[in-house]
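**Q** Here's my sequence, what's the structure:
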Amino acid sequence: MRPGEAMRLALRDLYANSWRLVPVNAALGAVLLAVGVAAVSVRGALVLVILAGPIAAALVHSAVTLVRTGNLALVDALEGLRLHWRRGLALGAAGAALGVLGVLAVRFYRGSPYAWPLVFLTVYLLVLLGIYQVLVWTLAIAEPDRPLRAVAGEAAALGAARPGSTLLLGLALLLVNLAGVAAALMPFLTLTVAYSFIAVAHFALPRPMPEEHA
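**A** Numbering: from 1, shown residues only. Below is the predicted model:
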């Protein structure tokens, strides 16, 4: 599916199910906001990001369920938390480690007046890895019986097969979330995180057959 179509369908799904997504999206947003507050302590922020993993897994499960079935209930988020909390912890830990390494790299290179190209390269790589991580999250929750290593390989293959579309979707969703932060200071108030996961699910998962929405 093309990025534009994925985002259009995600907007339709979000409009029809926003009130069902608000609780879990708000919970995730609150934890991520706490991460920003705790950023003065790397250890504190790291722990909070890891704890956000199971909540993010519940939100991704809701997005995958909505895309696959066309229906969503509040209980789906709780079911996603029960099914995927371990996988959410593992993915949250990986994302936290990646984020810490990226921040440390930017701080290190920023200390030199001649290293600004390396700062730019580091930020660029972090954006690419962030897009890749969202693909991994989506496929990992959609295919819970597959090992994470296999899912990571599938996400890499998807990105390599459609590099332009993947990058375009990722940058568009990054702008959407930045706009949400600028507009509301808290992205969970604008549901941009939930919207992003739904759009990626539309983009990455096979199109459901018509009878699946019956």
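**Q** Buried ones in the helix or strand hosting V176, by neighbour count?
**A** V176 is part of helix 163-184 when elements are defined by DSSP states H and E. Neighbour-count burial for helix 163-184, counted by 16 or more other C-beta atoms under 10 Å, picks out 165-166, 169-170, 173, 176, 180. For every residue, glycine as well, the C-beta is placed using N, CA and C.
**Q** for the chain, what's the longest helix?
**A** Taking DSSP state H as the assignment, the helix of the chain that covers the most residues is helix 74-110.
**Q** Show me what that helix is packed up against.
**A** If contacts are counted by 3 or more C-beta pairs under 8 Å, 6 or more residues apart in numbering; DSSP states H and E, helix 74-110 sits against helix 3-37, helix 42-69, helix 116-142, helix 148-161.
**Q** host element of P144?
**A** When the helices and strands are read off by DSSP H and E, none of them contains P144.
**Q** quick one: it from L81, how far?
**A** Using C-beta to C-beta, to the nearest Å, one obtains 13 Å as the distance from P144 to L81.
**Q** between these two, which one's more packed in?
**A** L81 (19 against 14; other C-beta atoms under 10 Å).
**Q** Tell me which residues touch that one, please.
**A** Contacts here follow C-beta atoms under 8 Å, 6 or more residues apart in numbering; on that basis L81 touches 54-55, 57-58, 61, 88.
**Q** now the spatially most central residue of the chain: how far from V106?
**A** Central residue of the chain (C-alpha atoms, centre = their mean): V134, 4.2 Å from the mean position. Between V134 and V106 the distance is 21 Å, computed by C-beta to C-beta.
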